[in-house]
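In: What would the 3D arrangement of this be:
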Amino acid sequence: MADGAAPKRHTLRVTSPQLKELRLLKIAVLHPDDADGRQLTQQLQRIGCQVQVFWPPVQVLPEGIDVAFMAVQPDFINLRFEWAHSEDAPAIIAVVTYENPTIVEAVLEIGAKAVLPSPVRSFGLLSALVVAREAHKESRSLARRLRKVEAKLLGVRQLTEAKAVLMKTHNVSEGQAYDLIREQAMSKRTTMEEIAAAIVNASEILSLGVHKAGQG
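Out: Coordinates of the predicted model:
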């Protein structure tokens, strides 16, 4: 390097598609403005991430945050951060200065997908970011599949109950009750589950009305 020449600014070379998408990430850094906080912010900016810094920890994050690095410190471990438990919560990486049962419990409470130890170094940061992102994606995928399974099971239960209601009120067989529900779904251009839920709800309302009338 020639005397007086400005040092070149090096950026991390990210090659694979999985790593290239890191440059598009919006990241919140919830960390004090100390050596660790500055090192963390600088390294994330070197990767190419869009970084916003907050301290003290905020109760509401800006929309569209993909990853949140959060300093887990004794002064804030008893606070509940609703954004960390929301359906669209970002992947959370805990930054810890030391380990004890209270800190570990706090890391679990916020749902951290990875842990970054202090003092923060460039080594390990990229791995923590990638691992947290992948674990977060898998977790959200499993949650979506679980909701679909629960909805399917609810639909099956309501269909069974709806058939029982029709069999009792219309004196028809189980197959005939099924056909009635299917015909209604086709005519109204909706699902059998929706028709079944409507039948069950109507039956419960009528039963409640009869019960109240009997009490009167």
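
In: Please name the nearest non-neighbouring residue to the residue nearest the centre of the chain.
Out: Among the residues of the chain, the one closest to the centroid is Glu87, at 4.0 Å (C-alpha atoms, centre = their mean). In space, and not counting its chain neighbours, Glu87 is closest to Ala143: 8.0 Å by C-beta to C-beta, 6 or more residues apart in numbering. (Each C-beta comes from the backbone N, C-alpha and C, glycine too.)

In: quick one: the residue nearest to the centre of the chain is in a strand?
Out: No. Membership of Glu87 in a strand is not supported by DSSP: H, G, I helix; E, B strand; the rest coil, which gives coil.

In: What segments of this structure are strands?
Out: In the chain, the strands defined using DSSP state E lie at 26-30, 50-54, 67-71, 91-96, 114-117.

In: of those strands, which approaches Lys163 most closely?
Out: Set against Lys163 and scored by C-beta to C-beta, the strands of the chain come closest in strand 91-96, at 44.1 Å.

In: Show me where this protein has its helices.
Out: 17-20, 35-47, 101-109, 125-170, 174-187, 192-215 (DSSP state H).

In: Which neighbouring elements make contact with the longest one?
Out: For helix 125-170, the elements it packs on are helix 17-20, helix 35-47, strand 67-71, strand 91-96, strand 114-117, helix 174-187, helix 192-215, judged by 3 or more C-beta pairs under 8 Å, 6 or more residues apart in numbering; DSSP states H and E.

In: one more time with 7 Å
Out: With contacts taken as 3 or more C-beta pairs under 7 Å, 6 or more residues apart in numbering; DSSP states H and E, helix 125-170 sits against strand 67-71, strand 91-96, strand 114-117, helix 174-187, helix 192-215.

In: what's the angle between that helix and helix 35-47?
Out: 80 degrees (axes from the mean of the first three to the mean of the last three C-alpha atoms, to 10 degrees).
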